[in-house]
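Novice: when you get a sec, could you give me coordinates for this:
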Amino acid sequence: MQNINRRVVLASRPKGYPELSDFELVEAPIEDPDPGEALVQARYLSLDPYMRGRMNDSRSYVPPLAIGEVIVGAIVGEVMRTNTDAFAVGDIVEGRLGWQEYAMARPDTVRKVPFPDIPETTALGILGMPGLTAYFSLLEIGRPIAGDTVVVSAASGAVGAAVGQIAKLTGCRVVGIAGSDEKVAYIRDELGFDAAINHRTTEDMGAALDEACPDRVDVYFDNVGGPITDAVIPRLALRGRVVICGQISQYNLEEQPVAPSVLRHLLINQARMEGFIVTSFSAKFEEGRARLAQWIRDGKLKYCEDITDGIESAPEQFIELMRGHNFGKKLIRLHDPA
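Specialist: Below is the predicted model:
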């Protein structure tokens, strides 16, 4: 095991889209764990859109990162040294230990990866925050019923792909919106979406939605905001539900645009719009993981991972994620146990 820990810290607050200069790769010595701690070597690091909001010095549901602070993020790793009875050397754990190759963990900051028969990377994707987000936000807020039409934006991403498949398992008609022909083909042909729209090549999004959703939209799962959402809202069905999960099209804007008012459409359709933060359902996480894991074992739930090697690649890959260039769950491989 090496003696130096490499980590990525926030060097400056991004203005608009992040740039490589907003990040800094620094080194620090690896220390022995204090009582109650374990030293974890990260194997995989998760890159997620929510991290962009943590880089702004503005009010949100969690405090912003400080300049010089390790970028927040979940990892899967192996316990290398332990000074607690909670973990043994060799345990595979998951937790938000940040963009670094080694980190100290406590029993309240990491958990053991629970399903040895399923690849450990899924603890950061379909069985981690993205999968749990899809599961609880769709079923608890969207509340789809068989026969509903569900529209999902960013439908090939880690959350959107899971949402669409869960909606199909519920008996819904599912329409996905994605940003390339390759992504459209994936969600339609591999994941079983009923229809798919490439928002980058579609000139009239409203007309495309009218064709794909002849009975209007019962549930809209919003990952992006912006013009796509502006086109979907007027097409809500009576008592439609809108799940606000993400607004990635807005995260990197220096000035927020004036959007069309949605209130009239919510009023006349007696529709409901609700934001979602996954930690609100933390008491039910194990229930959600168990059901998602069983769907994976049964071949009913598929997932795609986009893996790049080396912590030094994390900033560039995060920028690519912000620009929509990922395909599936974006991961950085920090250590290959093989």
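Novice: alpha carbons only for contacts and neighbour counts from here, please
Specialist: Will do.
Novice: and Asp33, what does it touch?
Specialist: Careful, residue 33 is Pro; it's not Asp. Leu39, Arg81, Thr82, Asn83, Met104 (Cα atoms under 8 Å, 6 or more residues apart in numbering).
Novice: let's see it at 6 Å
Specialist: Neighbouring residues of Pro33 by Cα atoms under 6 Å, 6 or more residues apart in numbering: Leu39.
Novice: so how far is Val76 from it?
Specialist: Separation of Pro33 from Val76 (Cα to Cα, to the nearest Å): 18 Å.
Novice: repeat that for Phe281.
Specialist: Distance from Phe281 to Val76, by Cα to Cα: 21 Å.
Novice: what's the answer for Ile311, then?
Specialist: According to Cα to Cα, Ile311 stands 14 Å off from Val76.
Novice: higher neighbour count, these two?
Specialist: Val76 (28 against 20; other Cα atoms under 10 Å).
Novice: where along the stretch 151-300 of the chain do the strands fall?
Specialist: For the stretch 151-300 of the chain, the strands defined by DSSP state E, counting those that start in this stretch occupy 173-178, 195-198, 217-222, 236-244, 272-275.
Novice: distance to Leu331 and mean neighbour count added to those, as a markdown table?
Specialist: A markdown table is the format used below for the strands of the stretch 151-300 of the chain (distance: least, Cα to Cα, whole Å; neighbours: other Cα atoms under 10 Å):
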| stretch | distance to Leu331 | mean neighbour count |
| --- | --- | --- |
| strand 173-178 | 20 | 25 |
| strand 195-198 | 24 | 22 |
| strand 217-222 | 23 | 27 |
| strand 236-244 | 24 | 22 |
| strand 272-275 | 26 | 15 |
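Novice: low-scoring stretches of the stretch 51-200 of the chain, by residue?
Specialist: Counting by pLDDT under 70, the stretch 51-200 of the chain contains no low-confidence segment.
Novice: returning to what we had before: mind putting the strands of the stretch 151-300 of the chain into JSON lines with distance to Glu94?
Specialist: Output for these, formatted as JSON lines (distance: least, Cα to Cα, whole Å):
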{"stretch": "strand 173-178", "distance to Glu94": "29"}
{"stretch": "strand 195-198", "distance to Glu94": "34"}
{"stretch": "strand 217-222", "distance to Glu94": "27"}
{"stretch": "strand 236-244", "distance to Glu94": "26"}
{"stretch": "strand 272-275", "distance to Glu94": "26"}
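Novice: in what helix or strand does Ile319 lie?
Specialist: helix 314-322 (DSSP states H and E).
Novice: please apply the same query to Leu25.
Specialist: Going by DSSP H and E, Leu25 is part of strand 23-29.
Novice: packing partners for that strand?
Specialist: Strand 23-29 sits against strand 4-10, with contacts defined as 3 or more Cα pairs under 6 Å, 6 or more residues apart in numbering; DSSP states H and E.
Novice: related to what we said a few turns ago, list the buried residues in the helix holding Ile319.
Specialist: Residues of helix 314-322 classed as buried by neighbour count (16 or more other Cα atoms under 10 Å): Ala314, Pro315, Gln317, Phe318, Ile319, Leu321, Met322.
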